[in-house]
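Chemist: below: sequence and its predicted model.
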Amino acid sequence: MSGDLGLVVTGVGLVLPCGDGLEAARASWTSRTPAFQTLPDSVGQGRGAVCAAFDPAGIIPPMQLRRLDRPSRFAWAAVHRALRDAGLDPRALGDRIGLAVSTLTAGSEASEAFMRPYFAKGPEGASPMVFPNCVANAPSGHVALAFGIKGPSSTQLDRENAFFAALDQARWWLETGMVDAVLVMGTDGLFPLLVELLQRTGLAARHGDPHAHGATGLLPGEGAQAFVVERSEAARARGARVRARILGLASASEATEGPGDRRAALARAMREVLGATTPGAWIAGANGHPRLDAVEAGLGGDFPGLPPPAHPKALWGELCGAGGQLMAAALLGSPGSVLISAPASFGSQFAALLETL
Amino acid sequence: MQRRVVITGFGFVSSLALDREGTWKAMLAGLHGLRRQTKLDLPLEPAQTAAEVDLPAGAGAGPRATFCERMARVALAEALGTSRGLDGLDPRRVGVFQGAGTSGMPIAETYLQARMAGRWPGAAEAVYQTPAVVTDVLAAELGALGPRSTVMNACSSSLLALGQAFERIAGGALDLALAGAAEGLCRTTYAGFASLKAMDPQPNRPFSRDRAGLNLGEASAQFLLEPLEQARRRGAVIFAEVLGYGASMDAHHPTAPHPEGDGAARAMEMALRMARLDPAEVDLVSAHGTATPANDGAETTAIKRALGTAAARVSVTSSKSQFGHTLGAAGAVGAGVAVLALRDQVVSPTLRLVDPDPSCDLDCTPFQAKERRIRAALVNAFAFGGNNVSLALRHWEGA
């Protein structure tokens, strides 16, 4: 192994287009059944992976539910599941538990919902109830309020792999001793204007499902994935069940932004986390769009012995937690070492190495 | 490994001036950048006061550069100007950390408005102008090949970005980091704060009995952080030392601060602990000080709780009275004000503080700049979602 960050995952909570919870996700992942369907009109026109079976009953009080946008609803449910899975009560931890969130869409649907009546009617159309959801950190605020989380919070918007920027922030908070645990979470929700934009820019595939290689576009997805991350010794001390050890996490970028540069940066991050390790599985971030897929294309040849990549975005779509779906998939396979490559269409490229138990 | 971290580059673009020293000189002279706003077409809004940045044509220009990008480029150029060059640094150990607020919102607003009018405008800009664009542009300018981070914690975004940069340099992961933010006006935030009845039609009055809300503003502040030993070797100008930061959530209300400033106090206490600072060493608080009825009293209570008896002799200032509330950039702007105060041993004034609120009974530096000994400073930034960040800085004496 390349090393060990001394961090472990002790709780998992998933809301995915294939259903809520770990077992629904495992069934989808094992069978490699895509969750794409014709989107309901409320979400947009075209195809995508929508959380149609999402059921917040018994988790989010009805009065609260009405105030939450989709990313916040998904986040609330995922955190509920992750905390229960970890056997952790944030209220008992005070400000010793943090929240590191990634998203590509939080705040966007609310911004449209706020500005549409404003543009139509002027100031009298503006709703003070909607405006607080227009910020990208609205899910973290709602989750903190719901579960009594009082430690540090960060919401990262670093493109398709923002989840790993959030995980990196969690690592720093844990390593410096600022907190004892961090909820690391990705959350995203689809809405009509977003789906329209993806289609009009040619980012979204117009027909069929994306294939990880040779496809012409992505299909959008939504959902939330929450993970309780703790220092190994802290988890051991409280007798927590460990679902995975985090062995490595690295990012790299290039000053120029050609496909070759992004590929070189991702390779550098992968090399850093792998060291001499040959992982048992490789979770890859290709989404069917040539721009992103080119970052990972052919990388297997640079790393002899690397197993063939598996592509969660081919099942659950892009967006969908800004990379959180990759972390989820890594925890769903057979126990062993798992490499995650998390490319981005611009900016930092991330790689992580886990040992799942 | 825990390394000492110093600020060796600082660029500031504000509504008062397009550079650091011009801005500081104007602040100390008691000037402000608030005026009737000219950039947004919002004729029905009763509050029209804002602090706008007038960038000359071509300043900070780049291919299809947005206003925020342009401000950030100008601020970066100034920050690099004081850094004595970065030659010899490993670009893989140079990172970029940016806070974002409104970011690409103006483009999204224009797209939505056009669609509502039945038109089909170009969609590419609305998709590609994400908050991370400014981060990427600055990284390319800097030649940084290390980590990049784009934080969107609303009004505490850029102070957290500074904290992220600090911990990575202190922890030995990076040798140089650029941290800051750039924020422009947009209709969503303008209409949003107006809908919350949080906007003062007049220039805002932090800590005043009759304070009636905030004005929005534009700015960019960019800082270069590096390890002390490296800065000394390079002969870099050192503005101040970064000692640590704290961050917390109120878990109280989606928009309103905790009435007793609980989360804000915990963020300040955390910053003091990380900085290993005694409250008695803190001589300045660069406050969040939004001039909203809820914030200023709660922040005063929080400062008292965090500093204890030392609060009675601390100077407090709110740069919102000069620059308005620059949202995602507010933390970086507040840090900039504190850095210059530490350098020159003078506190910039809180303007228009004619009638202090009895609940804001600290020395809030009314009207005039105040020369005094400033050994250490706390910078506060609080945000929607009950999100609080506090940064601890120390005067650099060349020790």
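Modeler: Arrived safely. Residues are numbered from 1 along each chain as shown, chains lettered A, B, ... in the order given.
Chemist: give me phi/psi at residue A:226?
Modeler: phi -120, psi 140 (degrees, to the nearest 10).
Chemist: now swap in residue A:25 and tell me
Modeler: phi -70, psi -40.
Chemist: what's opposite the residue nearest to it when sequence neighbours are not counted in the beta bridge?
Modeler: Take residue A:25 and drop its neighbours on the chain: the residue closest to it by C-beta to C-beta, 6 or more residues apart in numbering or on different chains is residue A:14, 4.9 Å away. Placement of C-beta: from N, CA and C, glycine included. Residue A:14 has these beta-bridge partners by DSSP bridges: residue A:225.
Chemist: quick one, helices of the stretch 51-200 of chain A?
Modeler: Under the criterion DSSP state H, counting those that start in this stretch, helices of the stretch 51-200 of chain A are mapped to A:62-65, A:70-86, A:90-93, A:108-121, A:138-147, A:162-175, A:192-200.
Chemist: could you check stretch A:87-106 and say which residues are buried?
Modeler: A:88, A:90, A:93, A:95-106 (16 or more other C-beta atoms under 10 Å in any protein chain shown).
Chemist: and the closest residue to residue B:194 other than its chain neighbours, what helix or strand is that in?
Modeler: With C-beta to C-beta, 6+ apart as the criterion, residue B:194 has its nearest non-adjacent residue at 5.4 Å, and that residue is residue B:45. Using DSSP states H and E, residue B:45 is not contained in any helix or strand.
Chemist: now do residue B:159
Modeler: helix B:157-170.
Chemist: how many neighbours does residue B:132 have?
Modeler: Residue B:132 is flanked by 29 other residues according to other C-beta atoms under 10 Å in any protein chain shown.
Chemist: correct me if wrong: it contacts residue B:151.
Modeler: No. Applying C-beta atoms under 8 Å, one finds residue B:132 not in contact with residue B:151, separated by 10.3 Å.
Chemist: overlap of the contact sets of those two?
Modeler: A:157, B:100 (C-beta atoms under 8 Å, 6 or more residues apart in numbering or on different chains).
Chemist: hang on, the earlier thing: rebuild the helices of the stretch 51-200 of chain A as CSV, extending it with mean pLDDT and distance to residue B:375.
Modeler: Formatted as CSV, those follow (pLDDT from 0 to 100; distance: least, C-beta to C-beta, whole Å):
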stretch, mean pLDDT, distance to residue B:375
helix A:62-65, 92, 46
helix A:70-86, 98, 41
helix A:90-93, 94, 34
helix A:108-121, 95, 43
helix A:138-147, 96, 34
helix A:162-175, 98, 27
helix A:192-200, 94, 50
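Chemist: relative to chain B, which of the ones you listed is closest?
Modeler: Smallest distance to chain B across these (C-beta to the nearest C-beta): 2.4 Å, for helix A:138-147.
Chemist: so which of the buried residues of stretch A:87-106 are in strands?
Modeler: Residues of the buried residues of stretch A:87-106 located in strands (DSSP state E): A:97-102.
Chemist: ok, which pair from the residues you listed is furthest apart?
Modeler: Farthest pair in those (C-beta to C-beta) is A:97 and A:102. Separation: 17.6 Å.
Chemist: centre of the chain to the host helix or strand of residue B:149, how far?
Modeler: Element membership for residue B:149, per DSSP H and E: strand B:148-151. Put simply, strand B:148-151 sits 15 Å off its chain's centre (C-alpha atoms, centre = their mean, to the nearest Å).
Chemist: point me to the residue of chain B nearest chain A.
Modeler: Among the residues of chain B, residue B:385 lies nearest to chain A; the distance is 2.4 Å by C-beta to the nearest C-beta.
Chemist: surely that residue touches residue A:137?
Modeler: Yes. Counting by C-beta under 8 Å, residue B:385 touches residue A:137, with 5.0 Å between them.
Chemist: interface residues of the stretch 1-150 of chain B facing chain A?
Modeler: B:44-45, B:91-92, B:100, B:105, B:108-109, B:111-113, B:115-116, B:120, B:123-124, B:126-128, B:130-133, B:135-136, B:139-140, B:143-150 (C-beta under 8 Å from any C-beta of the partner chain).
Chemist: taking these, please make a ChimeraX selection of just the buried ones.
Modeler: Of the residues of the stretch 1-150 of chain B next to chain A, the buried ones can be selected in ChimeraX as follows, counting by 16+ other C-beta under 10 Å:
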select /B:45,91,92,100,105,108,109,111,112,113,115,123,126,127,130,131,132,133,135,136,139,140,144,145,146,147,148,149,150
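Chemist: so of the residues of the stretch 1-150 of chain B next to chain A, which ones are in helices?
Modeler: Using DSSP state H, B:105, B:108-109, B:111-113, B:115-116, B:124, B:126-128, B:132-133, B:135-136, B:139-140 are the members of the residues of the stretch 1-150 of chain B next to chain A that sit in helices.
Chemist: below-threshold pLDDT in the chain: ranges please.
Modeler: No chain in the question, so chain A it is. For chain A, the stretches with pLDDT under 70 are A:1-2, A:208-209, A:211-214, A:257.
Chemist: that's the other chain; I wanted chain B
Modeler: B:1, B:83-85, B:399.
Chemist: for it, just list every one of the helices.
Modeler: Under DSSP H, chain B gives helices at B:20-28, B:67-81, B:105-116, B:124-128, B:132-142, B:157-170, B:187-195, B:228-234, B:262-275, B:293-307, B:320-323, B:330-344.
Chemist: need those helices in CSV with distance to residue A:132, can you?
Modeler: Converted to CSV, these look like this (distance: least, C-beta to C-beta, whole Å):
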stretch, distance to residue A:132
helix B:20-28, 31
helix B:67-81, 23
helix B:105-116, 15
helix B:124-128, 23
helix B:132-142, 23
helix B:157-170, 16
helix B:187-195, 8
helix B:228-234, 41
helix B:262-275, 16
helix B:293-307, 14
helix B:320-323, 20
helix B:330-344, 17
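Chemist: which one of the ones you listed lies closest to residue B:6?
Modeler: Of the helices of chain B, the one closest to residue B:6 (C-beta to C-beta) turns out to be helix B:228-234, at 5.1 Å.
Chemist: name the residues of the closest one that are buried.
Modeler: B:228, B:230-231, B:234.
Chemist: what's the closest non-adjacent residue to residue A:117?
Modeler: residue A:125 (3.4 Å).
Chemist: the one you found and residue A:118 touch, don't they?
Modeler: Yes. Here residue A:125 reaches residue A:118: they are 4.9 Å apart, a contact under C-beta under 8 Å.
Chemist: hang on, the earlier thing: and the helices of chain B: which comes nearest residue A:176?
Modeler: Closest of the helices of chain B to residue A:176 is helix B:157-170, at 5.9 Å (criterion: C-beta to C-beta).
Chemist: no further questions, thank you.
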